[in-house]
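Chemist: Provided below for reference: sequence and predicted model.
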Amino acid sequence: MDVIALISGGKDSFFSLLHCIKNGHRIVALANLHPLSPDTSDPDVTTWLPAEDLDKPIPLPTNVENDELDSFMYQTIGHNLLPYYATALNLPLYRTPIMGGSVNQDLSYRLEKKDETEDLYRLLEYVQKKHPGASAVCSGAILSTYQRTRVESVCGRLGLISLAYLWQRPQHLLLDEMASVGLDARIVKVAAIGLFPDSFLWQNVTSTQVRMKLRALKNRWGVHVAGEGGEYETIVVKGPGWRTRLAVGNGNCDALKLVMGNSGVGHLKILKAGWEKIGDGKGEEQANWVRGLKKPQLLNKYFRRIFDAMGGDGGGGGGDGEVEIGKQGPEVALESCPGLSAVHGPIPVMSYIVGNNITINNISAPNSSREITDIMALLKKHLAQYYGGSDSYVSASDWGSWFAKITHITLLLRSMADFGTVNASYSKYFLHPNPPSRVCVAIGDAMPAMCNILMHVQASTSDERRGLHIQGRSYWAPANIGPYSQAISTQGLVYISGQIPLASPTMDLPRLDNLPSGSGGDMLEFQTVLAMQHMWRVARAMKVSAYASVMGYTINSQGADTMNRAWIEHISIKHYHDDEEEDNDTQNTKLWEPAQDEDLVDQTPYEGEDIGRSSRVVTDSTNVPPLLVVQVPELPCGAPVEWVVLGIDEEYNPKAPHQDIDNDDSDEDDRSETRKWTILDTLTSGATIQHIRTWNYRKVPYGSAIRLGMNTTPAEAALDVLKLIGGEQPQGLAPYVATVYLATEGAQSAVTEFCTEWEGLRDQSDLGDLLQVVPVERVWFGGKQVNVGVIVRLAKL
């Protein structure tokens, strides 16, 4: 792709530019926003072209009185140097003044005409017209959600792809990598304890000495070594492939002016500068700029260990804790079975509320030529019951605010061929920041008669809401491929969207050359672990302290086997280095463990690097909760597997079960009970059921789940599920949705039998309306094929 590079002069924007090139893209233009000059109010865009005569530097603008703006979005110190970069990189530079202010200061951006973000829109719209072939924009965001969401908002409105290859990368590694490619970035502002102006200003931040000092300050004071907490800002004076380097002052002591603020904050005004030719001044082709730049592999070191532990044992049999799945006979294609649409009709729409949690299930629009429109109209009608509205005469603003309260949607399609069309219509209803998280799969002919879409909705009456909505490409985890958020948190529950194994930098399924060197695993195992890593990274970003519920979708029995084995490794794996004894209990950091050094948790080896097998892998699968996996005909993007998670927000569960608990706070019985999964073999007469319950260590449960696997008839399963949700629950919790996965392969009447029996039972319980039905091909629970799978989610009353 042709890319427009946003540059501020700082190290991150230039390093992101290099990673764009490393990923096969071409930089066609530079773009920058600068403070408005005091003597003009002209908002026009200025174009700077590369100089032809390198022996005559252009004059440096000397008006730097407003070089330090109070901007949440843009770095402006050293902005008068920016015109030199057009010549240094041999690329056109487009600049425009910052006219707006920080009007919208929320992390998630909603358009405000007078906000400084709209200056970026104006600039990129102009550059896009000058370079109509450009389809992407790169920026240097590492941890700033504020900056990322605004760049993504502008890109989305202009039809551009946001590239943020530094996003969530470990900061100390970024500095090391910048040093390895010869990026010379001088510190021009300091604003943190220990960063003294006389010791750090105009020092090269990528030098060994400065990096060591920053590491020491991180260990002592928690300083972000890459300056992501605003500790310092930089100006790059030399980079790989440049035609010229920036020469500040040329030895004159009056080239830099120190400006001191309050509390030790200081910055430099650059008063004199020029350039010096590098070599013959011709520069190099962009591909040569990144010869020494290393790309991260797709798997980090922790998930690489899981992949290695699986050992390429695609058959699914073997050691402790591994379960043979594939014994149910040969794979049977759904097309070979009679079409289910001729057998069962629509599933009754049901809605229910527990505490702040609303569930509206089984929404469809049979015989409709405007299916998504009619489904949304029916959804509005049900939402009106809970938000104080009316069935009719609902204004757009009313239902818009109602839709903003939706937390999660399960969207079932007849065919993935409809994915793009449905997304286009669906997106019109979710225009607010942080739309609901979503799971989308195709269930083929298990879809009710005369329907192509079946929808299940979860919403909340609470105003408390936190989201993760990433629309840009990075090395971290995939961007969304539809109008949904990666995760939504409300009232202690974190709904994570289905995670499929896309390679994050390209948004394609992995290729064979993406397999780690020296590994013995196959592609299905690799994709399964990669999707699990995406799940884990999203959960960590959302501060999930524990999984309340995890399940998997797959397209065949091999995928079910592989997901089960990956789950066992993820939950039970411990790594011990060869020079350590097992009883030292030096296992790897798990999802919910706080890290002493956050950078070390998610380290990723570079492409071509073999991390070796210097540690032994030990698994303890004696207490692994059973995994529910279901088979459907199609998943998005042709993926073979998809992970789905409900997490518990650490703010509602401040101490996870693994942590030491003070004796004053909890007794031994509480500790032992919450460290283990509860597994029951028999719950009702004649039904083989396993279930787990999870809650936090103080028995103050904010989120919990029960998972079941049944080998009963559909009618018997309906009775068993109703008995279960009507039974005794942990104190303070109540069921708010029961999702039933019905295996229809070879049992075409399963949905009809279950729903008919359920309808007859609804009058016997006030919980009869919380049913969510998902017809699938097959169901596995704990590695064994069953007829019915159930997940009952519990919420605080």
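Modeler: Great, that's in hand.
Chemist: For the stretch 401-550 of the chain, which segments count as helices?
Modeler: 419-426, 523-541 (DSSP state H, counting those that start in this stretch).
Chemist: Could you dump these into CSV and include mean pLDDT, distance to residue 155 and mean neighbour count?
Modeler: Yep, even glycine has a C-beta here, placed from its N, CA and C like the rest. Listed next are the helices of the stretch 401-550 of the chain as CSV, based on pLDDT from 0 to 100; distance: least, CB to CB, whole Å; neighbours: other CB atoms under 10 Å:
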stretch, mean pLDDT, distance to residue 155, mean neighbour count
helix 419-426, 92, 18, 16
helix 523-541, 96, 20, 24
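Chemist: Specify the stretch among those that is closest to residue 729.
Modeler: Closest to residue 729 of the helices of the stretch 401-550 of the chain, according to CB to CB: helix 523-541, at 24.7 Å.
Chemist: Which elements pack onto that closest one?
Modeler: Applying 3 or more CB pairs under 8 Å, 6 or more residues apart in numbering; DSSP states H and E, one finds that helix 523-541 contacts helix 301-310, strand 487-490, strand 493-499, helix 557-572, strand 641-649.
Chemist: looking at the ones you listed, which is buried most?
Modeler: strand 493-499 (a mean of 28; mean count of other CB atoms under 10 Å).
Chemist: Format the helices of the stretch 401-550 of the chain as TSV; extra columns: distance to residue 277.
Modeler: Formatted as TSV, those follow (distance: least, CB to CB, whole Å):
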stretch	distance to residue 277
helix 419-426	51
helix 523-541	44
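Chemist: ok so, going back, now distance to residue 122 and mean pLDDT too, for the helices and strands packed on helix 523-541, in TSV please.
Modeler: Below are the helices and strands packed on helix 523-541 laid out as TSV (distance: least, CB to CB, whole Å; pLDDT from 0 to 100):
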stretch	distance to residue 122	mean pLDDT
helix 301-310	42	90
strand 487-490	32	95
strand 493-499	33	95
helix 557-572	47	92
strand 641-649	38	92
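Chemist: To residue 37, which of these lies closest?
Modeler: Across the helices and strands packed on helix 523-541, closest to residue 37 is strand 487-490 (CB to CB), at 43.2 Å.
Chemist: That closest one pairs with which strands, parallel or anti?
Modeler: strand 466-468 (antiparallel), strand 493-499 (antiparallel) (DSSP bridges).
Chemist: Would you check how far apart the residue nearest to residue 505 when sequence neighbours are not counted and residue 279 are?
Modeler: Nearest non-adjacent residue to residue 505, counting by CB to CB, 6 or more residues apart in numbering: residue 23, 5.4 Å away. As for residue 23, its distance to residue 279 is 26 Å (criterion: CB to CB, to the nearest Å).
Chemist: So which of the two has more stuff around it?
Modeler: residue 23 (18 against 10; other CB atoms under 10 Å).
Chemist: The more buried one and residue 295 touch, don't they?
Modeler: Yes - with contact defined as CB atoms under 8 Å, residue 23 reaches residue 295; the gap is 7.4 Å.
Chemist: and for those two, which residues touch both?
Modeler: Residues touching both residue 23 and residue 295 comprise residue 505, with contact defined as CB atoms under 8 Å, 6 or more residues apart in numbering.
Chemist: Thank you, goodbye.
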